[in-house]
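**Student:** Below is the sequence, then the predicted model.
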Amino acid sequence: MTNMQRAKKILAGLLMLLCSGGMFYDPENGLYIVALLLSGSLIAYGIRCLSLYIFMARHMVGGKAILYRGIIILDLGVFTLSMVDNPKLFIIFYLLGIHAFAGVMDILRALEARRYRAPSWRRSLLGGAGNLAVAIFAVIAGFFLHSTRDLVYLYAACLVYSACTQIVTAFQKTAIVYVQ
């Protein structure tokens, strides 16, 4: 990882910490901030995928998959931007879907790593269990408690965790592979 990439990761982590602090400070408007952040990040990622396709991936094997991904994610971002007036249901489904999928994938990855006797399977298993717990808490807070404040706190806590992992990975040493 270059110094510029490290600086970008640290800056992104600090920006995420700042956004989560704002959500903890004002949870009433935090739901709208969450919806705008989610839709903005989806739109930015969709535009990034489309620009990657236009400038490079159209000449690559599997380039059409990048085009389709960019179109779908850009469409999802615009759709979520149109739902900012009623973001509660969207936030519940976002937290449920993303964290449940990530949790299942982490658990499956941990089981595969355990089968190959890799030392990092416990960390992956704990991360997957944490993601599944966030998905369960999102369902409980949204559908059973009808608490938008708890949803905002849950999203802000996930944002703090993500920011801390960004900052920690920026300071980790990267392995350099020399080909001889």
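**Tutor:** That came in fine, so what should we check first?
**Student:** Give me the helix or strand of the protein that scores worst on average pLDDT.
**Tutor:** helix 87-115 (a mean of 82; mean pLDDT, DSSP states H and E).
**Student:** in that one, what counts as buried?
**Tutor:** Buried positions in helix 87-115, judged by neighbour count with 16 or more other CB atoms under 10 Å: 87-88, 90-92, 94-96, 98-100, 102-103, 106-107, 109-110, 113. Glycine gets a C-beta too; all of them are placed from N, C-alpha and C.
**Student:** Restrict stretch 157-168 to CA atoms and write it as CSV.
**Tutor:** The C-alpha trace of stretch 157-168 is given here as CSV (Å, rounded to 0.1, in the frame of the first residue of the first chain):
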residue,chain,number,x,y,z
ALA,A,157,-22.1,2.2,15.6
CYS,A,158,-21.5,0.2,12.4
LEU,A,159,-20.0,3.3,10.8
VAL,A,160,-17.7,3.7,13.8
TYR,A,161,-16.6,0.1,13.5
SER,A,162,-16.0,0.5,9.8
ALA,A,163,-14.0,3.7,10.3
CYS,A,164,-11.8,2.1,13.0
THR,A,165,-11.1,-0.9,10.7
GLN,A,166,-10.2,1.5,7.9
ILE,A,167,-7.8,3.4,10.1
VAL,A,168,-6.2,0.2,11.5
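**Student:** where in the protein is pLDDT low?
**Tutor:** For the chain, the stretches with pLDDT under 70 are 87-88, 91, 175-180.
**Student:** check contacts around the nearest residue to A113 once chain neighbours are set aside.
**Tutor:** Nearest residue to A113, sequence neighbours excluded (CB to CB, 6 or more residues apart in numbering): W121, at 3.8 Å. W121 makes contacts with A110, L111, A113, R114, as judged by CB atoms under 8 Å, 6 or more residues apart in numbering.
**Student:** what's the answer for G13, then?
**Tutor:** Taking CB under 8 Å, 6+ apart, one finds A163, C164, Q166, I167, A170 in contact with G13.
**Student:** Where does it fall, secondary structure wise?
**Tutor:** helix 3-25 (DSSP states H and E).
**Student:** Would you mind listing the buried residues in the helix or strand following that helix?
**Tutor:** For helix 3-25, the succeeding helix or strand toward the C-terminus, using DSSP H and E, is helix 27-55. Residues 27, 30-31, 33-35, 37-39, 42-43, 45-46, 49-50, 52-53 are the ones in helix 27-55 that count as buried (16+ other CB under 10 Å).
**Student:** now swap in stretch 151-171 and tell me
**Tutor:** 151-156, 158-160, 163, 166-167, 170.
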